[in-house]
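**Student:** Structure for this input, please:
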Amino acid sequence: EQAAIPHFSSSSSMSGVPVVPMSSEPDKRLSHKEVEQRRREKAKQYFDELRGLLPYGGDSAKFDKNAILHHSILLIKHLIQELEQEEAASSYKPTPGKGSSADFKSCFDVNRQPLCFAGLDSRLWDANSAFCMLMGYSRMEVTGLSLLNATAPADAEAAGAQWQAAIKGAQQQTPHSYVCRLVRKDAQ
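**Tutor:** Predicted coordinates for the structure are as follows:
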């Protein structure tokens, strides 16, 4: 049996709306039971695809349909808010050479890259929304979190050594960076 493939018909009264044939044979009509069965299968496929798009890892496999819809709505609202912040930041025209901490904070907040500031004791002072989303913490929860305690166990020893090297580099005014894996709030 041929799969139903959506296509766009220019002669359709609703231009741009996909038209999906219900059967590959025009003479064969489907019973109400068959139509409902196909509708339920398609709805299940959509929910499974939506579940796979959620950024909750293995936890999303436990979500029922209402939870999937709820988390999808929250994610969409969050993305819309990020886009609005990004648009607001891009429409702002600073005076050359007159950068302020408010300008920096605005750029820090809307950046899509996970960014954070930490003190010499490895405790976070601040993190942007991308970092919070990646780690699974709220902005309030992430403040004070120790990066060394949030480091994956396999990387803990190397991260500690790198952190000490970064502290020595800071004292000598030399830039230093390193990469390590962090553990999310939900232990993933």
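
**Student:** Point to the helix or strand of this structure where mean pLDDT is at its lowest.
**Tutor:** Among the helical and strand segments of the chain, the one scoring lowest on mean pLDDT, DSSP states H and E is strand 7-8, with a mean of 46.

**Student:** Quick one: the strands in the protein, in order.
**Tutor:** With DSSP state E as the criterion, the chain has strands at 7-8, 18-19, 116-118, 124-127.

**Student:** can you list contacts of the last one?
**Tutor:** Applying CB atoms under 8 Å, 6 or more residues apart in numbering, the contact partners of strand 124-127 are 108, 114-119, 135, 139, 142-147. Bear in mind the C-beta positions are built from the backbone N, C-alpha and C, glycine included.

**Student:** from the residues you listed, which is closest to residue 55?
**Tutor:** Comparing the contacts of strand 124-127 against residue 55 with CB to CB places residue 135 closest, at 11.2 Å.

**Student:** quick one: the nearest residue to that closest one once chain neighbours are set aside and residue 55, what's the gap?
**Tutor:** Nearest residue to residue 135 in three dimensions, chain neighbours excluded: residue 184, at 5.5 Å (CB to CB, 6 or more residues apart in numbering). From residue 184 across to residue 55, the span is 10 Å (CB to CB, to the nearest Å).
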